[in-house]
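K.L.:
Build the 3D model from these lines:
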Amino acid sequence: MQEEFVQFVWHHGLFENKPLKTIHQGEIILFDRGLLNSDAGPDFTNARISIDGQSWAGAIEIHVKASEWKAHKHKEDPRYNSVVLHVVWEYDNFDALRSDGSIIPTLELKSLVNHSVLENHYALHGQLSMVPCAKLNPMHYEMNVKSALHRALADRMIQKSNRLVKLVKNHTNDWQQVFYIATARYLGMKVNAEAMEELASRTPNELLAKNKESLFRTEALLFGQSGFLDAPSLDQYHTDLKKEYDYLKKKHSITSMSVLQWKFSRMRPSNFPTIRIAQLAGIVFNQLHLFSKVIEERQVVKLKSYFAVELSEYWQEHFSFGKKTVKGSKRLGNNSIESLLINVVAPILFAYGKHRGDDAMTERAFDLLELLKPESNKYTRFYECIGFSNESAYDSQAILGLKENYCDKRLCTKCSIGIKMLTQS
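P.N.:
Residues are numbered from 1 along each chain as shown. Model prediction:
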């Protein structure tokens, strides 16, 4: 039994309401079960009850076992002095006390909960599937599915937005710099994301803007700062970049990363960090103040063009320094660009809209997702198999949000699909 389920039962009143008695046989009348508290302190606030004719107004605390009051040290916390009823699944011979030693009445729910609610709970909680309700035909509750997906997507966007806003605060409210860092981090993929973020932080937009004479100089800055130019010369281009970087390093008093921070193992050559840095150089050189353009642009085709830049000639025939390959385009492909729009551009639009209180801009983030192709991976395909629609990036991001924030955590009592299944008779 989980405390979240006991809270759910109390919140929705899924128990026999008459007659109610405390474990010491005091008669309880419920006028208001209270408001669920998402902050620290008792689980429900502003409850109104009567015990043996005495009216009480205050908080309700929920536990699986009564003795958890002691385990959680609530007696020592003055916030819990306002509790007027201790609601537990099972009373294990423990009476909750306030800090002044007064006893808080206890209500045991175990024998009061409807059998259908328990059966539905165990049916969901006992599933080993990725999706707890997968075998219970969730698509039968179409409106609840739509509601769950919409909330899951909103939660996912808020989480991404919060990370970006925190980054903005750490960079003196410079949204241009944060968008550049977020783009760099995306290009690094999971393996080199941290290294790419450090590279972008060490080589800020402002520094790149002061040295925009050529793509060569942009590459010299980024490859120099990455540590790839610290090695002995591997070919003439490597030598030329190193010479240019040595000049810039002295001019701007900058220091490079360790090349050991970059990982190449088990990666396709097209994802080598050298190629990703070259792609970043091409993007920032061609569109230095990219954030300003992104927040103004409404055409997906135009947005894509900002990232579909050709690399310098050297990188069209190299994957790493000193090793020549057959010449070919190394620019980001359409799928990678759409993924970047999903994971960087849409969240930055949402975050910036929230920051400015601009609802139209936050909606543009959702509109953009609806215009992009859906992501396809083992998770989205599983949800599709049980009936979930996946026709756009809006759908796939909502599915991933539902999986990560609800299904993985077994938070059926917080999901509109689970709530419907648990409360049906």
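K.L.:
where in this protein is pLDDT low?
P.N.:
Applying pLDDT under 70 to the chain flags the ranges 1, 119-120, 122-129, 425.
K.L.:
what are the ranges of the strands in it?
P.N.:
20-21, 27-32, 35-36, 44-51, 54-65, 83-90, 106-108, 318-320, 323-324 (DSSP state E).
K.L.:
For residue 278, which of those strands is the nearest?
P.N.:
strand 318-320 (8.7 Å; Cβ to Cβ). Using the backbone N, CA and C atoms, a C-beta is placed for each residue, glycine as well.
K.L.:
Who does the closest one pair with, and is each partner parallel or antiparallel?
P.N.:
strand 323-324 (antiparallel) (DSSP bridges).
K.L.:
From the chain's centroid, how far away is the partner strand?
P.N.:
With Cα atoms, centre = their mean, to the nearest Å as the basis, strand 323-324 stands 40 Å off its chain's centre.
K.L.:
picking that back up, give me whichever of the strands of the chain is most buried.
P.N.:
strand 83-90 (a mean of 23; mean count of other Cβ atoms under 10 Å).
K.L.:
Would you give the sheet partners of it, along with the direction of each?
P.N.:
Applying DSSP bridges, one finds strand 83-90 paired with strand 54-65 (parallel), strand 106-108 (parallel).
K.L.:
Tell me what angle that strand forms with strand 44-51.
P.N.:
90 degrees (axes from the mean of the first three to the mean of the last three Cα atoms, to 10 degrees).
K.L.:
Dump strand 83-90 to CSV, restricted to CA.
P.N.:
The C-alpha coordinates for strand 83-90 follow below in CSV (Å, rounded to 0.1, in the frame of the first residue of the first chain):
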residue,chain,number,x,y,z
VAL,A,83,-3.9,18.5,12.5
VAL,A,84,-7.4,17.7,13.7
LEU,A,85,-7.6,14.1,12.3
HIS,A,86,-5.0,11.5,11.6
VAL,A,87,-6.2,9.3,8.7
VAL,A,88,-4.4,6.0,8.3
TRP,A,89,-4.8,2.9,6.2
GLU,A,90,-3.9,0.7,9.2
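K.L.:
what angle separates that strand from strand 27-32?
P.N.:
110 degrees.
K.L.:
Next, format the strands of the chain as TSV and append distance to residue 98.
P.N.:
Output for the strands of the chain, formatted as TSV (distance: least, Cβ to Cβ, whole Å):
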stretch	distance to residue 98
strand 20-21	21
strand 27-32	18
strand 35-36	21
strand 44-51	15
strand 54-65	11
strand 83-90	7
strand 106-108	13
strand 318-320	68
strand 323-324	73
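K.L.:
Among these, which comes closest to residue 350?
P.N.:
Nearest of the strands of the chain (Cβ to Cβ): strand 35-36, 26.1 Å.
K.L.:
counting contacts, what elements does that closest one pack onto?
P.N.:
strand 44-51 (3 or more Cβ pairs under 8 Å, 6 or more residues apart in numbering; DSSP states H and E).
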